[in-house]
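Novice: A structural model of the following input is requested.
(2 chains)
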Amino acid sequence: MSRAGRLPDALERGRAASNLADPVEVVIRASGVQKVYGRSSSEEGGVAALRGVDVVVASCEWTAIVGPSGCGKSTLLNVLAGIDAPTAGTVELLGNDLGRLDERARARLRLLRVGFVFQRFHLLPVLTAAENIELPMAEAGVARRDRRQRSRELLDFVGLGGRTDHRPPQLSGGEQQRVAIARAVANQPDVVFADEPTGELDSRTSAQILELFSSLNAHGTTLLTVTHDPEIARRARRVIEMSDGRIVSDGRPAR
Amino acid sequence: MFIALLGVLLLPLPVDPGILVERRLAEELPASVGDTVIARVLGGTAERAFVVAGIFERAPDPNRIARNDYEVRFHLPDLEQMLPDHDRVDRFAIELRSGADPEATARWVESLAFGTQVYESVTLADRSSTTFRVVSRFHDAIGLVTLLASGIFLLCLMVIRVDGRRPDVRTMRLIGVSRRTIVSAVVAEAVLIAAVASVLGVAMGAVLTFGVNTYFGAYYDTTLRFAILSPRIVVVAASLGVALGLIAGGLAAVRIVRVPPQRLGER
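Specialist: Here you go, the predicted model:
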């Protein structure tokens, strides 16, 4: 596959029903975010992964977070996505103060308005490609027939229309990642978080994945990508560079 | 003269009285219905011929299973005539017609002869089955221990199975699948395992019951049932199995959903 297929209508028909805050122009607003690992929550007693990060991500942006290993990129992604709680500071995701949401509400927010793509795909091996895509829709209460239709549309979109009933072990790494991307956008999220989405892929497959991301972003999906891949950083509209738990530069990528 | 002779000829020939013989004895003799046998009371000298009127299967009785004695049923007057002391009876059984009052009958029989004591069959069965009740309690205890051990085994199995799926659970939690959904899935799986195991257990129990009854039935030549798989036993065992599955699945599920999703990748 050299180019992403047509984006399914399902992604453009509006969002899944949600009682969470309405769509906003600012997707992420983080202020003074600190994250310390270890027994003590103070910097003296633990390992500080984030040291006072401020960041605002607007709707429809494609932001790449780059930096050396251990600089806090993935920790920042987890905190911004509501997977992990900051030790200090506040994070607003899609107008919701994550510090005020309980685990159930955060999970609901992730389910309905956030998508995730992981480095190692994280597909459920016992489910087929279509069933993996249907999983978040089933949890969101989408009717079985609609789930089926949308999962097939999404598989067509990522160029895997003929692999509906294949299980992850029967798919290549690139194909698995494409299924993971389809799963990430199954509930038509406002924002997709991707942690090293091309980290396990060769350059040709990475290029295909980037095409998919470009297509998603072009259709209005906000992307936040943690990466070591210079090609992702080049194609993103904005690059945040981190070092030692801090943002050291923030701007448009060098072309 | 002719008339008198005819009268003699028309008189019925003396016929030996009938008796009922237990099947095992009939096979041992061997004797079949219509055969004439000679009976003598142990220790007595009087012999008498009887016609085998029928062959019966002795009622199964665990108290007599190891005793190799045989049973013959006489009409009471025939038996009385054979006994050395015609007016002496150690014990006898009375079968009542449906609707008869056993209490009133007992009082009436006891009033007929001084010193006679009448017991209902339920009371006698209760007295004679004390040993078997103890054995039955042992069986209950063994069953309980087995079920508890199975429950612990199921819990370990579910913990291992769920632990092996930490990455999957992590993924589900990260993409927003609720704890409740995950707990429900794990519990449903555990209950399914327990239900399938219960069905297999009942099937195995049925096969074993059949095997035990067939083997020991042949060994002791009896219709006594040595092992019983009653509907009550099936219901109790299956219910306990499913309940243990529910508990095991619930504990395993709660254990894993309490771990924050980002830590589920850790070992």
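
Novice: Would you confirm that B:Thr223 belongs to a strand?
Specialist: No - counting by DSSP: H, G, I helix; E, B strand; the rest coil, B:Thr223 falls outside a strand, being coil.

Novice: Contact partners for it?
Specialist: Neighbouring residues of B:Thr223 by C-beta atoms under 8 Å, 6 or more residues apart in numbering or on different chains: B:57, B:60, B:217. Just so you know, the C-beta spots here come from the backbone N, C-alpha and C atoms, and that holds for glycine as well.

Novice: Quick check on those: which are buried?
Specialist: Among the contacts of B:Thr223, none scores as buried (criterion: 16 or more other C-beta atoms under 10 Å in any protein chain shown).

Novice: Could you let me know which of those residues ends up closest to A:Val142?
Specialist: Closest approach between those and A:Val142, by C-beta to C-beta: B:Gly217, at 60.7 Å.

Novice: Next up, identify which helix or strand the closest one is on.
Specialist: Element membership for B:Gly217 (DSSP states H and E) is helix B:179-220.

Novice: give me phi/psi at A:Asn187?
Specialist: For A:Asn187, the backbone dihedrals (degrees, to the nearest 10) come out as phi -100, psi 20.

Novice: Can you pull out the residues in contact with stretch A:125-141?
Specialist: Stretch A:125-141 is contacted from outside by A:16, A:111-112, A:123-124, A:144, A:146-148, A:150-152, A:154-155, A:160, A:163-169, A:171, A:179-180, A:182-183, A:186-187, B:168, B:172, B:175-178, B:181, using C-beta under 8 Å, 6+ apart.

Novice: how about the strands in chain B?
Specialist: Secondary structure of chain B (DSSP state E): strands at B:18-22, B:36-40, B:47-56, B:72-73.

Novice: A:Val47 versus the residue most central in space within chain A, what's the distance?
Specialist: Nearest to the mean C-alpha position of chain A, by C-alpha atoms, centre = their mean, lies A:Phe193 at 1.6 Å. Going from A:Phe193 to A:Val47 by C-beta to C-beta, to the nearest Å gives 23 Å.

Novice: swap in A:Leu210?
Specialist: For A:Leu210, the distance to A:Val47 (C-beta to C-beta) stands at 33 Å.

Novice: Between these two, which is the more surrounded one?
Specialist: Using other C-beta atoms under 10 Å in any protein chain shown, the more surrounded residue of A:Leu210 and A:Val47 is A:Leu210, with 20 against 11.

Novice: element containing that one, please.
Specialist: In this structure, A:Leu210 sits in helix A:203-218 according to DSSP H and E.

Novice: which element follows that helix toward the C-terminus?
Specialist: strand A:222-226.

Novice: I'd like to check the angle between that following strand and helix A:203-218, please.
Specialist: 150 degrees (axes from the mean of the first three to the mean of the last three C-alpha atoms, to 10 degrees).

Novice: Chain B contacts on chain A?
Specialist: Contacts of chain A with chain B, taken as C-beta under 8 Å from any C-beta of the partner chain, map to A:78, A:83-84, A:103-104, A:107-112, A:114-116, A:118, A:122-125, A:135-136, A:139, A:183-184.

Novice: Tell me which of the strands of chain B sits most buried.
Specialist: Ranked by mean neighbour count under mean count of other C-beta atoms under 10 Å in any protein chain shown, the strands of chain B are led by strand B:18-22, which reaches a mean of 19.

Novice: chain center to that strand: distance?
Specialist: 27 Å (C-alpha atoms, centre = their mean, to the nearest Å).

Novice: What helices and strands are in contact with that strand?
Specialist: On a contact count with 3 or more C-beta pairs under 8 Å, 6 or more residues apart in numbering or on different chains; DSSP states H and E, strand B:18-22 meets strand B:36-40, strand B:47-56, strand B:72-73.

Novice: before we move on, the earlier item: got TSV for the strands of chain B, with mean pLDDT too?
Specialist: Shown next, in TSV, are the strands of chain B (pLDDT from 0 to 100):
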stretch	mean pLDDT
strand B:18-22	94
strand B:36-40	90
strand B:47-56	92
strand B:72-73	92
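
Novice: Turn those into JSON lines, columns for distance to A:Leu201.
Specialist: Below are the strands of chain B laid out as JSON lines (distance: least, C-beta to C-beta, whole Å):
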{"stretch": "strand B:18-22", "distance to A:Leu201": "85"}
{"stretch": "strand B:36-40", "distance to A:Leu201": "96"}
{"stretch": "strand B:47-56", "distance to A:Leu201": "85"}
{"stretch": "strand B:72-73", "distance to A:Leu201": "91"}
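
Novice: Confirm for me that A:Asp229 is in contact with A:Asp195.
Specialist: No - the criterion here is C-beta atoms under 8 Å, and A:Asp229 misses it with A:Asp195 at 11.9 Å.

Novice: Would you mind measuring from B:Lys84 to B:Leu42?
Specialist: Actually, residue B:84 is Pro rather than Lys. 10 Å.

Novice: Please put the alpha-carbon coordinates of the helix or strand of chain A with the lowest mean pLDDT into PDB.
Specialist: Here the helix or strand of chain A ranked lowest by mean pLDDT, DSSP states H and E is helix A:230-235, holding a mean of 85. Extracted C-alpha coordinates of helix A:230-235, given in PDB (Å, rounded to 0.1, in the frame of the first residue of the first chain):
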ATOM      1  CA  PRO A 230      13.100  11.700  12.000                       C
ATOM      2  CA  GLU A 231      10.600  11.200   9.200                       C
ATOM      3  CA  ILE A 232       7.600  11.500  11.600                       C
ATOM      4  CA  ALA A 233       9.200  14.600  13.100                       C
ATOM      5  CA  ARG A 234       9.700  16.000   9.600                       C
ATOM      6  CA  ARG A 235       6.100  15.400   8.600                       C
END
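
Novice: which parts of that helix are buried?
Specialist: Residues of helix A:230-235 classed as buried: A:232-233, A:235 (neighbour count, 16+ other C-beta under 10 Å).

Novice: nearest to chain B, of the residues you listed?
Specialist: Proximity of these to chain B (C-beta to the nearest C-beta) peaks at A:Ile232, which lies at 20.5 Å.
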